[in-house]
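**Student:** Give me the fold of what follows.
(chains A and B)
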Amino acid sequence: MTAVAVPLEHVLFVAAVLFLIGFVGVLVRRNVIFLLMSLEIMMNACGLAFVAAGARWGQPDGQIMFMLILALAAAEVAVALALVLQLERRFASLDIDTASELNG
Amino acid sequence: MIPLILFYIAAAVAVGAAALVVTRLNASHALIYLVVSLLAIAVMFYLLGAPFAAALEVVIYAGAIVVLFLFVVMMLNLGRRTVERERRWLEPRAWIGPGILAAILFVEMMYAIVGNAVPTASEGVGPKAVGIALFQEYLLAVELAAILLLAALVGAYHLGRRYLSDRREEPSAPGRKEFPPEEASS
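**Tutor:** Just a heads-up that it's a prediction; the model follows:
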């Protein structure tokens, strides 16, 4: 029932690679903006896996899960960018490690 | 067979652009690559038979979320050597990479439209099936997403409002703000 007979394993492999790239970005970068962009890449990878699985069985559930991920991403970006503005105002820096005051 | 090749090209563009996003030093350049990566993922959605998800990816992700990022990046850079930044923006070197990747996607899209290599919506899961399932089985999830968005709206307004009002009070000193003295730590 898939429109293009892409093997599901290949799509899942692409999604895994994208997720890995985003994960490495979260681990490596210390700039908050880049951290958020890496999070976006990771969420896109999850959405790709959902859509691919939904298309594999011809069900709309995968696209609905993708839409919920979309709403989550929009909410996350709105709050996180407001937090970035606060971080820049308090510490005059976008380095996430400057905000480690809860460390004690 | 041809749509399969189109899919792999789009996947390669998506992965390459994502890797470039993570490794850029300039936030604006990284955002351009992020847009290209999102467009490539939208092409993949379309080829998988999910045209509605592809449209949402372009409109909301590449259209709204990345523009929000761009606004904040521009806002934070405000007043710091703005003229030089503008001049650097006009350099063609920053645009070659995203331009080539976007051109690959564009050629792919034109080929798909002209050559009819891509399925019509009836073969995949069309918007109608998605809408029916969304507002019948997943109605509760839609309500929960609405509440989440409302909470995010209130939270972002609260955090951003304090930023704006503080900036209006002391426009000349945007630097580090002193913390209140620490309470007795544990």
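**Student:** Report the residue spans of chain A with pLDDT below the cut-off.
**Tutor:** The model of chain A has pLDDT under 70 over residues A:1-4, A:102-104.
**Student:** what about dumping the CA coordinates of stretch B:149-156 to CSV?
**Tutor:** Only the C-alpha atoms of stretch B:149-156 are listed here, as CSV (Å, rounded to 0.1, in the frame of the first residue of the first chain):
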residue,chain,number,x,y,z
LEU,B,149,0.2,24.9,23.2
LEU,B,150,-1.7,27.1,25.6
ALA,B,151,0.7,26.3,28.4
ALA,B,152,3.6,27.1,26.1
LEU,B,153,2.0,30.3,25.1
VAL,B,154,1.6,31.5,28.7
GLY,B,155,5.1,30.4,29.6
ALA,B,156,6.8,32.0,26.7
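**Student:** contacting residues around it?
**Tutor:** Contact with stretch B:149-156 is made by A:71, A:74-76, A:78-79, A:81-82, as judged by Cβ atoms under 8 Å, 6 or more residues apart in numbering or on different chains. Yep, even glycine has a C-beta here, placed from its N, CA and C like the rest.
**Student:** Restricting to those residues, which residues neighbour chain B?
**Tutor:** For chain B, the contacts drawn from the contacts of stretch B:149-156 by Cβ under 8 Å from any Cβ of the partner chain are A:71, A:74-76, A:78-79, A:81-82.
**Student:** Any quick ChimeraX command for the buried ones out of those residues?
**Tutor:** Filtering those down to the buried ones (16 or more other Cβ atoms under 10 Å in any protein chain shown) takes a single ChimeraX command:
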select /A:71,74,75,76,78,79,81,82
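**Student:** and of the ones next to chain B among the contacts of stretch B:149-156, the nearest to B:Leu31?
**Tutor:** Nearest to B:Leu31 among these, counting by Cβ to Cβ, is A:Leu81 at 12.6 Å.
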